[in-house]
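Trainee: Quick one, what's the 3D model for this:
(one chain, ligands or ions: 1)
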Amino acid sequence: MAATLIDGKALAAKLKKNVLEETQTLPRKPGLAVILVGDNPASRVYVTSKRKDCEECGFYSEEYALPAETTQKQLLDLVAELNGRADIDGILVQLPLPKGLDEKEVLLAIDPSKDVDCFHPYNVGQLTIGTPVFQPCTPGGVMEMLEEYGIDPAGKRCVVLGRSNIVGKPMAMLLLHAHGTVVMCHSKTPDMKELAASADILVSAVGKTGLVTADMVKEGAVVIDVAMNRNDAGKLCGDVCFEEAAVKVSYITPVPGGVGPMTRAMLMKNTLTAAKLHQGL
Ligand code: GUN
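Mentor: Below is the predicted model of the structure:
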């Protein structure tokens, strides 16, 4: 039996429509500032799509494209200025930053109430104790997808491949709060294949084309592919060998059109949350 395709593009469109509708009821439109340092082409693409998302949701947006030579102080000064602006609800610093800039210090400088990425240690802490203000965008998007398709992690074995601060760790936390039994695998996990194959819900966020082969997915499992890789032919693909896994599992996300659009939609949702917070709503 072929798997059901989890349509992230359609769900993201629905989510953004809901955000637009709520935005139209606010006294002041939400404002998002996106900071891009250097000229990483992939980051450039992300930033352009964020601008489009803001337009779709009725937000005000500003974009700062800074040269790779930007100093730590210049970047911190910009963050401080945006922290003080009443028309800016969300501040996003596109990662990774060029070498020489201290990412940790920059993320710490963002006002936690404007931290729409949910990267500030305050918000990471809130997430960990189960009282998050913002949802981390990619893992939050995955949870929305599971809910939309009636997949409840409660009591399920959830295996997360990858332990990044952006995806793996917060993903594990959200699945844990949803009462999943969570196993995290990473580069030093010796039996990753066996653990992956034991998953009811498998989330792969490693960034390695062809990592998840058919023997690593259980019959009937739910497979979520967070990665955005390019294969040898330059085609966008995830970590999962899609064709061979799809014949075995019950649900699977495509790349592109799966998690990616959901990450962007969650950023819009978080910016709306921040705007409501700042307007006392
Ligand atoms: N780089 C890759 N993913 C992300 C993300 O979700 N937010 C930011 N700020 N940078 C990223």
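Trainee: Kindly give the local confidence score, pLDDT, for the closest residue to the ligand within the stretch 151-281 of the chain.
Mentor: Nearest residue of the stretch 151-281 of the chain to the ligand, counting by C-beta to the nearest ligand atom: residue 166, 5.4 Å away. (Glycine included, C-beta is placed from N, CA and C.) Residue 166 carries a pLDDT value of 97.
Trainee: where along the protein do the strands fall?
Mentor: 4-5, 31-37, 60-66, 90-93, 157-161, 181-185, 201-204, 222-225, 229-230, 236-237, 251-252 (DSSP state E).
Trainee: what does the stretch 1-150 of the chain have sitting close to the ligand?
Mentor: The stretch 1-150 of the chain comes close to the ligand at residues 92, 93, 94, 95, 117, 137, 138, as judged by C-beta under 6 Å from any ligand atom.
Trainee: surely the fifth one meets residue 137?
Mentor: It stands for residue 117. Yes: in terms of C-beta atoms under 8 Å, residue 117 counts as a neighbour of residue 137; the distance is 6.4 Å.
Trainee: Need the residues touching each of these two.
Mentor: Residues touching both residue 117 and residue 137 (C-beta atoms under 8 Å, 6 or more residues apart in numbering) are 267, 270.
Trainee: Looking at the two, which has the bigger crowd around it?
Mentor: Taking other C-beta atoms under 10 Å, residue 117 and residue 137 do not tie; residue 137 has more neighbours (26 against 23).
Trainee: Just the C-alpha atoms of stretch 105-112, please, in CSV.
Mentor: This file holds the C-alpha atoms of stretch 105-112, laid out as CSV (Å, rounded to 0.1, in the frame of the first residue of the first chain):
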residue,chain,number,x,y,z
GLU,A,105,25.7,36.6,21.7
VAL,A,106,23.5,37.9,18.9
LEU,A,107,20.6,35.5,19.7
LEU,A,108,20.9,36.5,23.4
ALA,A,109,20.6,40.2,22.4
ILE,A,110,17.2,39.7,20.8
ASP,A,111,14.3,40.8,23.1
PRO,A,112,12.7,37.4,24.0
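Trainee: I'd like the average pLDDT over it.
Mentor: Stretch 105-112 comes out at a mean pLDDT of 98.
Trainee: who touches that stretch?
Mentor: Here stretch 105-112 has contacts from 72, 75-76, 79-80, 83, 91, 93, 97, 115, 119-123, 133, using C-beta under 8 Å, 6+ apart.
Trainee: This completes my enquiry, with thanks.
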